[in-house]
Structures are given as structure tokens and as C-alpha cells.
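> This is the structure alone, sequence omitted:
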């Protein structure tokens with residue numbers, strides 16, 4: 001998943017067939033700035049299935065690490081995340 005500055009959209013990575021361009025290739029061609037990527041994180045699905053709030057994911061969770069990095073790139077004050 002990618003977050004684009006100024007557009008404020010999340011883009012999911014979509015599997016591509018042979019000969020098709022990936023989302024990353026299309027973004028590079030347009031010159032849009034990508035603020036970061038949020039990797040697939042199995043813990044989110046697991047926590048959702050048992051009713052745990054994802055806000056309580058551990059600091060080491062790949063998605064938490066990625067979101068903090070994106071927010072830092074946006075100069076977003078994320079003291080509530082630390």
C-alpha cells in the first residue's frame with residue numbers, strides 16, 4: 001500500500017499479469033511522490049479476528065513501523081504514536 005503526498009490516497013498493490021505495468025511503475029512514470037509503503041501485516045488480520053484493536057499492535061509490527069515513517073515524512077506530529 002502506498003500513500004501519495006497531496007492526493008491522500010492509499011493504493012493497494014495489485015498482482016500484475018505478464019506484460020502489465022505494476023502500480024510502482026505507473027507511479028514512477030507520473031512522478032508522483034510516494035510517502036511510504038505499508039507492508040502486508042498478518043498481525044492485523046489476526047488481531048481483527050479476535051477483536052483486538054489494531055491501535056494496540058506492538059511497536060515492532062511492520063505496519064506500525066511503516067506508518068510512523070510515513071507520518072515522519074509528512075512532518076506530522078505523532079507524539080500520540082510514541
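Arrived safely. Here the structure is a predicted model, which means the values were calculated and not measured.
> Where in the chain is the helix or strand with the lowest mean pLDDT?
Scoring the helices and strands of the chain by mean pLDDT, DSSP states H and E places strand 2-4 at the bottom, with a mean of 51.
> Contacts for the longest helix anywhere in the chain, please.
Secondary structure of the chain per DSSP state H: the longest helix is helix 62-73. For helix 62-73, the external contacting residues (Cβ atoms under 8 Å, 6 or more residues apart in numbering) are 3, 35-39, 41, 43-44, 54, 57-59, 78, 81. All C-beta atoms are positioned from the backbone trio N, CA, C, and that covers glycine.
> what's the domain layout of the protein?
Taking automatic domain parsing as the reference, the chain has its domains at 1-37, 38-82.
> Make CSV from those domains and add mean neighbour count to it.
Output for the domains of the chain, formatted as CSV (neighbours: other Cβ atoms under 10 Å):
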stretch, mean neighbour count
domain 1-37, 12
domain 38-82, 13
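> which stretch in these is the model least sure about?
Of all the domains of the chain, domain 1-37 carries the lowest average pLDDT, namely a mean of 70.
> circling back to that earlier point, from the contacts of helix 62-73, which ones fall inside helices?
Short answer: the contacts of helix 62-73 in helices (DSSP H) are 43-44.
> Please report how far residue 17 lies from residue 30.
Residue 17 sits 21 Å away from residue 30 when distances are taken as Cβ to Cβ, to the nearest Å.
> Repeat that for residue 44.
Remark: distance between residue 44 and residue 30 (Cβ to Cβ) = 29 Å.
> and if you look at residue 50?
Shown here: residue 50 relative to residue 30, a distance of 40 Å by Cβ to Cβ.
> what's the answer for residue 73, then?
Using Cβ to Cβ, we find residue 73 at a distance of 18 Å from residue 30.
> repeat for residue 45
Counting by Cβ to Cβ - residue 45 and residue 30 are separated by 31 Å.
> which residues in the chain form strands?
Under the criterion DSSP state E, the chain contains strands at 2-4, 10-11, 34-37.
> neighbouring strands for the longest one, and are they parallel or not?
In other words, strand 34-37. Here strand 34-37 has these sheet partners by DSSP bridges: strand 2-4 (antiparallel).
> how close does the residue of the chain most remote from its centre get to residue 48?
Most distant from the centre of the chain: residue 19, at 25.6 Å, with distances by Cα atoms, centre = their mean. Taking Cβ to Cβ as the measure, residue 19 falls 35 Å from residue 48.
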